[in-house]
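Peer 1: Sequence unavailable; structure follows:
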C-alpha cells in the first residue's frame, strides 16, 4: 500500500520577489493551493536478476484542480513497467 500527498501553490520559484497580490501569504504556497491525495497499491515481481515487472494501481483525489477554488476531481490510474538488464562483457583494462 502507498499513500502520497502533493500540495502545489501557484508561485514560481524563479521569481525573486512575488507579485503584490501575494503579500502577507506564506511564500511556500502562494495563491490557490492544489492538493492531490493518491492511495495505491504498488508491487514488483522479479523472477530473475535480469527481469522484472512492477506496477502501481490506485486513485487520485484532487481538490482545487487547476488552482481553481472548489473544483474537485477523482481519477483511477495504473502504471506498469517491464525491465530487462543486459550485461555486456568489458574489453581492455579497467
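Peer 2: On my side now, so go ahead. Keep in mind it's a predicted model, so treat the numbers as computed, not measured. Residues are numbered from 1 along each chain as shown.

Peer 1: give me the low-pLDDT residue ranges for the chain?
Peer 2: For the chain, applying pLDDT under 70 flags the ranges 12-28, 92, 94.

Peer 1: repeat that with 80
Peer 2: 10-31, 90-94 (pLDDT under 80).

Peer 1: for the chain, longest strand please?
Peer 2: Secondary structure of the chain per DSSP state E: the longest strand is strand 34-48.

Peer 1: what comes into contact with the following helix or strand past that one?
Peer 2: Downstream of strand 34-48, the next assigned helix or strand under DSSP states H and E is strand 51-63. The contact list for strand 51-63 (C-beta atoms under 8 Å, 6 or more residues apart in numbering) reads 2, 34-46, 71-85. For the C-beta atoms, the positions are set from N, CA and C on the backbone; glycine is no exception.

Peer 1: Please pull up the helix or strand immediately following strand 51-63.
Peer 2: Sequence-wise, the next helix or strand downstream of strand 51-63 (DSSP H and E) is strand 72-84.

Peer 1: other SSEs contacting that next one?
Peer 2: Applying 3 or more C-beta pairs under 8 Å, 6 or more residues apart in numbering; DSSP states H and E, we find strand 72-84 packed against strand 51-63.

Peer 1: Show me which parts of the longest strand of the chain are buried, residue by residue.
Peer 2: For strand 34-48, the buried set under the neighbour-count rule, 16 or more other C-beta atoms under 10 Å, comprises 34, 36, 38, 40.

Peer 1: by how many degrees do it and strand 51-63 diverge?
Peer 2: 170 degrees (axes from the mean of the first three to the mean of the last three C-alpha atoms, to 10 degrees).

Peer 1: So what touches strand 34-48?
Peer 2: 1-9, 52-67.
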